[in-house]
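Visitor: have a look; sequence and predicted model below, questions after that.
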Amino acid sequence: MSIEVLQAHYGFTRVPFGRDLAPQMLHRTAGHGEAVARIDWCIGERALGVITGEVGSGKTVATRAATADLDASRHTIIYMGNPAIGARGIYAAIVSALGGMPRFHKASLIPQAADALAAEENERGKRVVVVVDEAHLLAADQLEELRLLTNAEMDSHSAFACLLVGQPTLRRRIKLGTFAALDQRIALRFAMPPMTTTETTSYIAHHLNLAGRADTLFSDDATALIHQVSRGLPRAVNNLALQALVAAYAAKKAIVDESSSRSTSKTTRSPRCSPFKHSSNSSSGSTTKASPQRGRPSRSPPNERRHRRPTTSPRPDPVSTQRVVAVLIDRVGQQGAGDGSGPWACQCPFGQVGLSGRAGVCVVVVGEPGARCGRGQQAVGHASVGLHH
């Protein structure tokens, strides 16, 4: 089925839920508007900002909307979308964007980039804005090079504004002690929130209106189900809504109802793990197999017994345990005691702590990677997503 057939069936003038939208055509939610306002302030102050959010939450879209409103005669935007360029590539990208030819040796490339930034501000009267997308993939030396670039005139002035846009792991990584100097220089920290149910309904109606349909095309139940499965993330809403349109077309329906959305959600999972009950007789991650005659665990082969891991485990480091618990709370959002009472809870024979979240994640906090909990599961948990250090 071609996209032209889908457009003719629903009377669209363009394909809905696409990415090729002009900044003035974007749907402004509360979180999107706040992100744009904070980015504008960061650029005006020539400060260092960190914008984080889940995959598909609209971080780059908000950054694009904020930079599109800037006066092109007074601002120069340098966008780096691939952190794999390395530390030297950062200097080379700045020099190239400002009209220079990057020098070969890094020792001469560093002052060349600093001089180019200073000349853009003092001679041309333009403010440079460096946007680093996918910043959670930056190496440690790249983060340090960016920090050193902001240190101009004996740390009394910054020749450019820098925006680090990435996933939540960037925010937690900067909190490490090795990046204390960078962490203290960050003037803006903002986490993109997901859309609410009302915002998701308005978001879908806005995109349909851009495609030429001002009437109701999605039922309330279908919109609610799309919001639940997508968790309010705009990119996931786009994918689910477009697939629901295809499902409704295949069923020869004039509107998208709940059944069309549900048939789509069965094959589409949200970025986080889906809840499922743990079966006590499940063989996933189990280290022993029950004997069919007497129901007792069968003995391991001799070669496995020789390479069996020791049953003792050192006590966990309090600092590392605290870090893992913080990561789990950030990922799941709700934690429970690991006393074995919950449907996904478990107890660790080493006397450690187990946490179970509403998404069916059970994580045993241990001091050694690969240790196992009381149910025979490894420390990666009983669900599709687990954390261990």
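Guide: Structure's in. What do you need?

Visitor: correct me if wrong: residue 60 contacts residue 167.
Guide: No. Using C-beta atoms under 8 Å, residue 60 is not in contact with residue 167, being 11.5 Å away. For every residue, glycine as well, the C-beta is placed using N, CA and C.

Visitor: what about residue 254, which SS state?
Guide: coil (DSSP: H, G, I helix; E, B strand; the rest coil).

Visitor: count of residues packed around it?
Guide: Residue 254 has 10 neighbours, counted by other C-beta atoms under 10 Å.

Visitor: got it, and the one 5 residues further on?
Guide: Applying other C-beta under 10 Å, we find 17 other residues in the vicinity of residue 259.

Visitor: for the remainder of this discussion, apply numbering that starts at 52.
Guide: Yes, from this point I'll number from 52; that puts the last item at residue 310.

Visitor: show me what contacts it?
Guide: residue 302 (C-beta atoms under 8 Å, 6 or more residues apart in numbering).

Visitor: which strand or helix spans it?
Guide: Element membership for residue 310 (DSSP states H and E) is helix 309-316.

Visitor: avg pLDDT for that helix?
Guide: On average, the pLDDT along helix 309-316 is 82.

Visitor: and if you look at stretch 257-267?
Guide: pLDDT averaged over stretch 257-267 gives 90.

Visitor: and stretch 76-86, by the same measure?
Guide: Rounded mean pLDDT across stretch 76-86 is 92.

Visitor: from residue 90, how far out is residue 177?
Guide: 18 Å (C-beta to C-beta, to the nearest Å).

Visitor: more neighbours: which of these two?
Guide: residue 90 (26 against 18).

Visitor: what helix or strand does the nearest residue to that one once chain neighbours are set aside sit in?
Guide: Computed as C-beta to C-beta, 6 or more residues apart in numbering, the closest residue to residue 90 that is not its neighbour in sequence is residue 117, at 3.9 Å. Per DSSP H and E, residue 117 falls inside helix 110-119.

Visitor: residues in contact with the following helix or strand past that helix?
Guide: Next in sequence after helix 110-119, counting helices and strands by DSSP H and E, comes strand 126-131. Outside of strand 126-131, the residues within contact range by C-beta under 8 Å, 6+ apart are 94, 118, 121, 141, 144-145, 148-149, 171, 177-184.

Visitor: just these: which are in helices?
Guide: Mapping the contacts of strand 126-131 onto helices (DSSP state H) picks out 94, 118, 141, 144-145, 148, 171.

Visitor: I'd assumed residue 291 was in contact with residue 312.
Guide: Yes. The pair residue 312 / residue 291 is scored as a contact, 7.0 Å apart, by C-beta under 8 Å.

Visitor: and these two? which has more neighbours close in?
Guide: residue 312 (27 against 24).

Visitor: ok, the more buried one to residue 256 distance?
Guide: 15 Å.

Visitor: quick revisit: and the average pLDDT for the helix holding residue 117 is what?
Guide: 93.

Visitor: which of the residues in that helix are buried?
Guide: 110-118 (16 or more other C-beta atoms under 10 Å).

Visitor: wait, residue 210 touches residue 168, no?
Guide: Yes. Residue 210 lies in contact with residue 168 (C-beta under 8 Å); the separation is 4.0 Å.

Visitor: in space, what's closest to residue 286 - neighbours in sequence excluded?
Guide: Using C-beta to C-beta, 6+ apart, the closest residue to residue 286 is residue 107 (2.9 Å).

Visitor: rewinding a little: now, among the ones in helices among the contacts of strand 126-131, which is nearest to residue 260?
Guide: residue 118 (25.3 Å; C-beta to C-beta).

Visitor: show me what the spatially closest residue to that closest one that is not a sequence neighbour bridges to in the sheet.
Guide: Here the nearest residue to residue 118 in space, its sequence neighbours aside, is residue 128; by C-beta to C-beta, 6+ apart that works out to 5.2 Å. When bridges are called by DSSP bridges, residue 128 pairs up with residue 180.

Visitor: per-residue pLDDT, residue 128?
Guide: So residue 128 comes in at 95 (pLDDT).

Visitor: ok, how many other residues are close to it?
Guide: Neighbours of residue 128 (other C-beta under 10 Å): 17.

Visitor: show me what contacts residue 62?
Guide: Here residue 62 is in contact with 263-264 (C-beta under 8 Å, 6+ apart).

Visitor: over to residue 148?
Guide: Neighbours of residue 148 in contact, by C-beta under 8 Å, 6+ apart: 127, 129.

Visitor: next, residue 153: phi, psi?
Guide: Torsion angles at residue 153 (phi, psi; degrees, to the nearest 10) stand at phi -60, psi 140.

Visitor: that one - how many residues pack around it?
Guide: 18.

Visitor: now do residue 146
Guide: That count, for residue 146 with other C-beta under 10 Å as the rule, works out to 20.
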